[in-house]
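Undergrad: Sequence first, then the predicted structure:
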Amino acid sequence: MKRSIRIDPVTRIEGHAKVFINLNDSGALENAGLVVNELRGFEKILIGMEADRMPHITARICGVCPTAHHIAASNALDYAAGVKAPPAAMLLRELMYMGHIIHSHSLSIFVLQGPDLVMGLDADPAVRNVVGIVQANPELARIALRLRSIGQKINEMVGGRGTHPVTSVAGGITFALDQEKKKIVQEWIDEARLMLPTVVPAVKGLLLKTLDLHPSMLNDWVAPSWGLGTVLNNRVSLIEGKLRAIDETGATRIEFGVEDYDKYLLESVVEWSYMKKVHINLDGLHEYRVGPMARMNAMRSFGTELADAEYAEFAKLGGAPCHLTVFQTYAKLVEMIWAIERAGEIINDAAIWGETRVPVKFKGGRGVGHVEAPRGTLIHDYEIDENGIIRAANLIVATQQNYAIINRSIEQAAQSHVIGKTDEDALLNAVEFSIRCYDPCLSCATHAVGRMPMEIAITCGGEIVKNIRR
Amino acid sequence: MPTSNCSTIIICIGNELIADDAAGFEIYNRLAGCNAHLEFCGVGGIDILPLLEGEKNMIVVDAVQFGEPPGTIHVIPWDSLPRSSSAISAHGLGLRETVEIGRILYPQAMPERITLVGIEGRCFNRTREHMSREVQDSIGRAVTTIEELMQIQAAATGKP
């Protein structure tokens, strides 16, 4: 049957977008994908600004991952100035970043994906939201929000501000640690660790229950692909290290410094969307995944007790490398455990008490830096003139790199939950859920701002024949 | 949870780098030293909850777009606030959802009375130096409005 289905709005993703699902004349899936309608063009806005403002300005691209842009910009400026931030500065940047990861993954798991897991995909959208979670399980909600708040407090203590940090600068960091601040951070970390025995089984239980109810997610929502993640000292790393590209089997195909990203990552314009696609360019073009699961696939060790134990459990259930779309939530959970443990390591590292800043002068040239943002690899690339002014900027963000795989997952969700099925509301929830597994941040991907009303349209033989709105 | 000595918390929201969106930040600076628990948030929403310390009144200050001339100052009680979309942004939560959650999870910390002081803005796509003249001119009036509101609310609660 020819039909077109629209969802307006699709909730809990950021930006403005539309999903299309095209069927052929016989009703079989032809293709499906995400169309991003809005353009803000931050790369152009940056031109003409002073380079040393980049950590502050680019943090404003996004209210969800500002710390990722803040640190990526700082790393890029270090490179441009030909300096290396002192070890204490890198540890403090990383401590800030671990707070950000705790905050962002808690928000993503509990606020953005939690409603699907707690209320079920078939629940009425009117209650399938975070207020519904709070009503259904107030104790878990209280713990989850406290965990998010602890992450944000660590981020704020080191970063100077919670949502848009200001302390990381070219050449280091302006934050100064003292014993009183260390004591406070340690107490927050201890409190977070005590929450893990409650939070981890709860999230895993909800995820496994969802898989029981929707076995196709385990069997059909599998997207084998290359992956990209950052490694350092034989463990996952988030703010420094080499980029490692792996193939579908998990074999390492290449490792490179971020300054060579344009040799191996190829951006291309898509005519029907403002979001650009990226492929790994190595013996042909390869779609690839970034984010917590890609990082774990690329480097199967965190170097901390609890995270490594949980990763072993993850691999037992999901395989190694894992290509299950819905396991990206589980990957976030493992990484959140690690962030708590790693924050504890950093605050007790004697090197954190050293010099935190070196002088910086821009002589003109290129500045490239990266971090592993909560949603995946984030690269900042600037051309800076001899007066320290930005002359060109290129930002490669996680959602762009996941774009091809997101589209593949939409096709799989459409195949398993939409085509030939009759309960349209529940089925459309599944398509939304498949997208939210990637936690797409379209504000970053198009550098757009705002809330995202999304529309899903199914066409058959090129014609839209039915609309469903809610 | 700490208990505030003030009966009012003022939460100013905005982006100090963006033209009219900087109104909340400007007002936050002008209110420094006022007799209230004063906070600034870059993004409103769920970050507000940990700031609440059992104050009876909450005044939220932000640039708004309600279709009035720029510089218009709106004083809107909670019950009259426009209902936001059911959508939940990845930025977190809207003010309404945040308060709903707070009332379920932390009833003892939640204010009895919530008021939005909104400054009607026009320019949200240029940098700070392009703040509209009308919005710039309204900052002082907004501060006066907030101070008067605090006095009225303090008189009602018998606490500064």
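TA: Thanks, I have the structure now. Residues are numbered from 1 along each chain as shown, chains lettered A, B, ... in the order given.

Undergrad: same for the worst-scoring helix or strand of chain B on mean pLDDT, what does it pack against?
TA: None of the helices or strands of chain B scores lower by mean pLDDT, DSSP states H and E than helix B:95-105, at a mean of 83. Under the contact criterion of 3 or more CB pairs under 8 Å, 6 or more residues apart in numbering or on different chains; DSSP states H and E, helix B:95-105 touches helix A:130-136, helix A:138-159. Backbone N, C-alpha and C define where each C-beta goes, glycine included.

Undergrad: now the helix or strand just after the longest one: how far from the chain's centre is it?
TA: Going down the chain from helix A:138-159, the next helix or strand is strand A:168-169, by DSSP states H and E. Centroid displacement of strand A:168-169 relative to its chain, using CA atoms, centre = their mean, to the nearest Å, is 22 Å.

Undergrad: just to revisit the earlier point, can I get the helices and strands packed on helix B:95-105 in JSON lines with distance to A:Val236?
TA: Below are the helices and strands packed on helix B:95-105 laid out as JSON lines (distance: least, CB to CB, whole Å):
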{"stretch": "helix A:130-136", "distance to A:Val236": "29"}
{"stretch": "helix A:138-159", "distance to A:Val236": "18"}
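
Undergrad: how about a markdown table for those helices, with distance to B:Arg133, mean neighbour count and mean pLDDT added?
TA: Converted to a markdown table, those look like this (distance: least, CB to CB, whole Å; neighbours: other CB atoms under 10 Å in any protein chain shown; pLDDT from 0 to 100):
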| stretch | distance to B:Arg133 | mean neighbour count | mean pLDDT |
| --- | --- | --- | --- |
| helix A:130-136 | 40 | 20 | 79 |
| helix A:138-159 | 34 | 22 | 93 |
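
Undergrad: among the ones you listed, which is nearest A:Val83?
TA: Closest to A:Val83 of those, according to CB to CB: helix A:138-159, at 20.3 Å.

Undergrad: element containing residue 116, please.
TA: All of this is about chain A. Secondary structure assignment for A:Asp116, by DSSP H and E: helix A:114-119.

Undergrad: switch to chain B, that's the one I care about
TA: Counting by DSSP H and E, B:Leu116 is found in strand B:113-120.

Undergrad: ok so, going back, turn the helices and strands packed on helix B:95-105 into JSON lines, including distance to chain B.
TA: JSON lines is the format used below for these (distance: least, CB to the nearest CB, whole Å):
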{"stretch": "helix A:130-136", "distance to chain B": "5"}
{"stretch": "helix A:138-159", "distance to chain B": "5"}
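
Undergrad: coming back round to it: ok, residues contacting the helix holding A:Asp116?
TA: A:12, A:123, A:127-130, A:132-133, A:136-137, A:140, A:144, A:203, A:206-207, A:209-210, A:329, A:429, A:433, A:436 (CB atoms under 8 Å, 6 or more residues apart in numbering or on different chains).

Undergrad: Please, a ChimeraX command that selects the buried ones among those residues?
TA: Listed next is the ChimeraX selection for buried residues among the contacts of helix A:114-119, using 16 or more other CB atoms under 10 Å in any protein chain shown:
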select /A:12,123,128,129,130,132,133,137,140,144,203,206,207,210,329,429,433,436
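
Undergrad: what about the helices in the stretch 151-300 of chain A?
TA: Taking DSSP state H, counting those that start in this stretch as the test, the helices found in the stretch 151-300 of chain A are A:179-213, A:216-219, A:261-264, A:292-298.

Undergrad: B:Asp62: which of the ones you listed is closest?
TA: helix A:179-213 (28.7 Å).

Undergrad: And the pLDDT for B:Glu26?
TA: Listed pLDDT for B:Glu26 reads 96.

Undergrad: what's the nearest residue to it if we skip its chain neighbours?
TA: B:Ile139 (4.9 Å; CB to CB, 6 or more residues apart in numbering or on different chains).

Undergrad: Hmm, B:Gly24 and that neighbour touching each other?
TA: No. Using CB atoms under 8 Å, B:Ile139 makes no contact with B:Gly24, being 10.1 Å away.

Undergrad: Looking at the two, which is more packed in?
TA: B:Gly24 (27 against 19; other CB atoms under 10 Å in any protein chain shown).

Undergrad: How about the helix or strand harbouring the more buried one, which residues are buried there?
TA: B:Gly24 is located in helix B:23-30, with elements delineated by DSSP H and E. Across helix B:23-30, burial judged by 16+ other CB under 10 Å covers B:Ala23, B:Gly24, B:Phe25, B:Glu26, B:Ile27, B:Tyr28, B:Arg30.
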